[in-house]
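Q: Here you go, sequence then predicted model.
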Amino acid sequence: MASSSSKSLFSSPHFTSFNRSSHSKSPLLSFSTSSVSLNPRPLHSSITSSSSSSSSSSSYSSNRCSFIPLRSVLKTLESSAFVSQNSDLADPTSPNDRSTILVAEKLGEAGLELLRSFGNVVCAYDLSPEELCAKISSCDALIVRSGTKVNRQVFEAAKGRLKVVGRAGVGIDNVDLQAATEFGCLVVNAPTANTIAAAEHGIALLTAMARNVAQADASIKAGKWERNKYVGVSLVGKTLAVMGFGKVGSEVARRAKGLGMQVIAHDPYAPVDRARAIGVELVSFNQAISTADFISLHMPLTSATSKVFNDDTFGLMKKGARLINVARGGVIDEDALVRALDTGAVAQAALDVFVEEPPPKDSKLVQHKNVTVTPHLGASTKEAQEGVAIEIAEAVVGALNGELSATAVNAPMVAPEVLSELAPYVVLAEKLGRLAVQLVAGGSGIKSVKVVYKSGRAPDDLDTRLLRAMITKGIIEPISDSHINLVNADFTAKQKGLRISEERVLVDAPPEFPVESIQVVVSEVESKFASAVTEKGEVAIEGKVKYGVPHLRRVGSFDVDVSLEGNLILCRQVDQPGMIGRVGNILGENNVNVNFMSVGRTMRRKRAIMAIGVDEEPNKDTLRQIGQVPAIEEFVFLNL
């Protein structure tokens with residue numbers, strides 16, 4: 001399908017409808033990119049009381065006592081919930097079932113051993129971009145440090161196989177997160193193992209700069225003795241501004257307090273109570289840089305922080321302030337820093353990171369007499385290297401196993417027990433999404449979808465992220481070339497202008513079952529099957545899981561009970577004897593097997609909906625014969 005700001009879908013043989021009043025077929029759906037509002041967090045919604053329908057229903061079943069095997073369900077969810085073939089449902093000793101993990105930069109041996117116990121590990125260092133793209137299509141996971149660029153070309157070359165990228169460290173600015181999300185690839189990092197090492201290196205640079213340790217060392221080794229030239233400054237009583245009060249920043253603050261420094265910090269997301277517990281005052285950005293004697297940078301590199309320390313920023317600093325950076329080189333405009341050092345606006349700088357690594361040999365910043373530099377040594381302790389290797393290996397293996405990861409960067413994970421419990425409901429959710437999109441006619445297309453979960457559980461005891469992703473998958477995939485999974489579901493919906501809201505309805509149901517039913521409501525659309533439209537003018541369908549099998553239980557205002565397996569025919573008819581037999585005979589004569597049938601009506605001898613599950617797709621002549629039955633007012637064929 002061609003990409004545009006608005007996507008339209010034209011009639012398809014899979015989505016056949018008949019209406020006796022109009023006999024028309026309409027375009028299915030168009031997407032608009034406006035009016036986007038998604039809720040990517042777990043559900044926190046209002047609770048309302050439920051009401052039961054007074055309409056009656058009858059059903060017929062050919063054989064409905066089977067369960068969907070969990071193995072087959074999980075297999076279909078491999079990309080959606082990061083379930084690898086190496087899960088406990090597969091034999092991890094089989095070479096064909098073992099994931100392939102490409103380690104593109106050096107990793108500690110402890111981490112490599114953990115990876116080898118799980119999958120096939122390929123260590124290939126110093127790959128060119130072309131070599132990385134050539135290898136990645138045969139890999140399920142990729143582990144890098146800061147030197148490998150994992151850009152859009154890498155994800156395109158992976159052709160959908162790459163499930164997880166692991167960054168052995170904190171920063172993920174060398175990974176294209178948007179591309180990873182679009183291609184359904186999880187990104188994890190190792191944010192805790194090197195925290196102390198980075199904080200210690202920040203303090204080392206702080207003290208070395210204050211006492212001119214590096215310059216004095218070079219002077220002595222050059223045969224000089226220049227005591228008067230390298231007079232330093234004391235730290236006691238000086239003010240340190242910590243810019244970014246996360247894990248590393250807070251540890252730097254602790255140590256600086258021990259050196260007798262006054263510590264302030266700026267971080268728009270830091271809790272006040274955590275800062276107060278350390279004895280640190282949170283202040284504004286301008287206040288921090290204008291009052292500090294020393295400024296230590298611990299912020300991530302984002303579009304908002306790129307070159308945030310520039311000519312304007314240096315102009316606001318207290319004259320003669322000193323700068324330490326063990327975070328990301330890109331947060332500093334390096335040319336501007338050279339100018340500030342030359343004018344004395346900044347007295348000294350101590351840098352462990354640079355915009356380009358390694359920096360050019362003739363870099364004015366590196367060669368400046370008032371600058372102390374180290375080659376990105378923040379995490380370079382033996383203990384930190386082993387810790388990072390183990391942390392990232394555990395995160396990658398966990399992701400491939402479908403386990404919950406606290407270090408997931410671009411999407412939440414779903415715990416194995418939650419996945420197992422929701423498995424049949426996941427199938428139901430996707431099928432309801434597929435039904436909803438096929439019931440919508442042309443016009444403005446789907447812009448707003450409400451999902452209602454009826455459950456007997458407490459409000460916070462149901463994680464619906466996976467269910468929402470699968471409903472999105474069911475709505476988008478049949479009419480798009482997009483591949484939807486848990487990572488990219490919300491992103492893709494937002495990109496296509498699809499607004500998805502969620503609501504919880506508390507019902508009197510056994511709490512051991514997570515969901516009593518799922519309802520999908522599409523607003524402000526026309527339907528190709530008028531009976532699917534409620535009194536509120538919305539297209540609404542509802543389903544539940546029975547005996548481990550997804551069932552359709554309600555269409556519009558009509559109660560039905562039909563298994564969502566194979567394909568589905570919905571007929572609105574005059575409620576009279578012999579209708580099941582007539583339609584069943586037409587299908588049988590055309591070699592279409594009926595696997596389930598249900599009739600729901602609003603009132604005796606008035607109107608009813610007949611829902612028929614069929615194993616095969618009826619041909620056009622069969623559908624025409626059904627439409628010619630006098631008592632049938634409209635029908636629609638739906639491909640599941």
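A: Looks like it arrived, so ask away.
Q: Please report the distance of the nearest residue in space to residue 458 that is not next to it in sequence from residue 421.
A: The shortest distance from residue 458 to any non-neighbouring residue, by Cβ to Cβ, 6 or more residues apart in numbering, is to residue 511 (7.9 Å). Bear in mind the C-beta positions are built from the backbone N, C-alpha and C, glycine included. For residue 511, the distance to residue 421 (Cβ to Cβ, to the nearest Å) stands at 12 Å.
Q: tell me the secondary structure for the residue nearest to residue 334 when sequence neighbours are not counted?
A: Distances taken as Cβ to Cβ, 6+ apart place residue 365 nearest to residue 334, at 5.0 Å, with adjacent residues excluded. Using DSSP: H, G, I helix; E, B strand; the rest coil, the structure places residue 365 in helix.
Q: Just give me the neighbour total for residue 365.
A: Neighbour count of residue 365, defined by other Cβ atoms under 10 Å: 20.
Q: Ok, residue 131 next?
A: Neighbour count for residue 131, taken as other Cβ under 10 Å: 12.
Q: quick one: contacts for the residue nearest to residue 458?
A: With contact taken as Cβ atoms under 8 Å, 6 or more residues apart in numbering, residue 511 is in contact with 456-458, 461.
Q: Show the pLDDT at it.
A: For residue 511, the model assigns a pLDDT of 79.
Q: Could you give the backbone dihedrals for it?
A: Per-residue torsions, residue 511: phi -70, psi -10 (degrees, to the nearest 10).
Q: ok, it to residue 455 distance?
A: With Cβ to Cβ as the criterion, residue 511 and residue 455 are 8 Å apart.
Q: Same check on residue 502?
A: Residue 502 is 12 Å from residue 455, where distance means Cβ to Cβ.
Q: Equivalent analysis for residue 469, please.
A: Computed as Cβ to Cβ, the residue 469 to residue 455 distance reads 18 Å.
Q: Likewise for residue 325?
A: Note on residue 325: its distance to residue 455, by Cβ to Cβ, is 50 Å.
Q: So which of those two has more stuff around it?
A: residue 325 (25 against 22).
Q: Run a quick neighbour tally on the residue nearest to the more buried one when sequence neighbours are not counted.
A: Computed as Cβ to Cβ, 6+ apart, the closest residue to residue 325 that is not its neighbour in sequence is residue 297, at 4.4 Å. Applying other Cβ under 10 Å, we find 24 other residues in the vicinity of residue 297.
Q: Residue 329 is in contact with residue 297, correct?
A: No - at 9.9 Å, residue 297 does not count as touching residue 329 under the criterion of Cβ atoms under 8 Å.
Q: who touches stretch 248-255?
A: If you take Cβ under 8 Å, 6+ apart as the criterion, stretch 248-255 is touched by 170, 195-196, 198-200, 202-203, 240, 242-243, 245, 263, 265, 267, 274-275, 278, 280, 296, 298, 326-327.
Q: List only buried entries from the residues you listed.
A: Listed as buried from these are 170, 195-196, 198-200, 202-203, 240, 242-243, 245, 263, 265, 267, 275, 278, 280, 296, 298, 326-327; burial here means 16 or more other Cβ atoms under 10 Å.
Q: Strands - which of these land there?
A: By the criterion of DSSP state E, membership of the buried ones among the contacts of stretch 248-255 in strands covers 240, 242-243, 263, 265, 296.
Q: just these now: which is nearest residue 506?
A: residue 265 (43.2 Å; Cβ to Cβ).
Q: Pretty sure the closest one sits against residue 284.
A: No - counting by Cβ under 8 Å, residue 265 stays clear of residue 284, with 10.8 Å between them.
Q: Report the beta-bridge partners for residue 164.
A: Beta-bridge partners recorded for residue 164 (DSSP bridges): residue 141, residue 186.
Q: could you measure it against residue 137, distance?
A: Going from residue 164 to residue 137 by Cβ to Cβ gives 15 Å.
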